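K.L.:
What shape does this take:
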Amino acid sequence: MPTVSQLLIAMPSFEMKFTIKFIALISIAYGANHFCWSVDRIADEIFVHTDNNSDGILTYGEFQKELISDWDLSNDSCLSYHEFTANWVYKFHDHHDTAHAFFNKLDVTGDKQLCFMEVAVHIVQYDNNPNDGRIESAELHTFMHDMHPDSHHNGGHGHGC
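P.N.:
I've put the predicted structure just below:
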């Protein structure tokens, strides 16, 4: 059985560890969902994560690598709602509800899977300068403003920012 002095020494250590872990968890939860990035900021971040060769243009291959190769944990060439939402919230700091609504807008077949061909349909729809299979920053920004569920707010993302 520990002595009183051992308990007194151990208590601050336990309390300190608990406090540090609690603050870290709160910080992670707050940081993951409350950055209040604007849709334009999210579009800029998509470029940072996706434009592998830093040429200012996104290709089908770069989109496929980012979405399917990097986000597809089940290796079935499609993203489930959970795979998309987890990655979207982590990388672009939207709220879970907003990411879910965005997934539903992107899932044109309604099968609860976001496959690369669905992404390609959106790329073709917004690739207009010229229609070359490459997405420039302005085209991605237009896409995000048209498709993102909170596109008309300057960073509200539905939760009081």
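K.L.:
host element of the residue positioned nearest the centre of the chain?
P.N.:
In the chain, the C-alpha nearest the mean C-alpha coordinate belongs to residue 88, at 1.8 Å (CA atoms, centre = their mean). Using DSSP states H and E, the secondary-structure element containing residue 88 is helix 81-92.
K.L.:
Please enumerate the helices of the chain.
P.N.:
Listed in chain order, the helices of the chain (DSSP state H) span 4-33, 39-50, 60-64, 71, 81-92, 96-106, 116-126, 137-147.
K.L.:
Lowest mean pLDDT across these, which one is that?
P.N.:
Confidence, taken as mean pLDDT, is least for helix 4-33 of those (a mean of 45).
K.L.:
Which residues does stretch 119-137 contact?
P.N.:
43-44, 47, 56-60, 63-64, 67, 106, 108, 138-140, 142-143, 146-147 (CB atoms under 8 Å, 6 or more residues apart in numbering). (Glycine included, C-beta is placed from N, CA and C.)
K.L.:
For burial, what's the neighbour tally of the closest residue to residue 44 other than its chain neighbours?
P.N.:
Sequence neighbours aside, residue 137 is the residue nearest to residue 44 in space, at 7.7 Å (criterion: CB to CB, 6 or more residues apart in numbering). Using other CB atoms under 10 Å, residue 137 has 16 neighbouring residues.
K.L.:
All further residue positions should be reported with the first residue as 23.
P.N.:
Sure, I'll start counting at 23 from here, so that last one is residue 159.
K.L.:
do you know how far the residue nearest to the centre of the chain is from residue 94?
P.N.:
13 Å (CB to CB, to the nearest Å).
K.L.:
Let me know the distance separating residue 83 from residue 111.
P.N.:
25 Å.
K.L.:
Residue 100 too?
P.N.:
Taking CB to CB, one finds residue 100 at 19 Å from residue 111.
K.L.:
Ok, residue 140 next?
P.N.:
From residue 140 to residue 111 the distance is 20 Å (CB to CB).
K.L.:
what's the answer for residue 93, then?
P.N.:
Using CB to CB, residue 93 is found at 12 Å from residue 111.
K.L.:
Any buried residues in stretch 114-133, and which?
P.N.:
114, 115, 116, 117, 119, 120, 121, 122, 123, 124, 125, 129 (16 or more other CB atoms under 10 Å).
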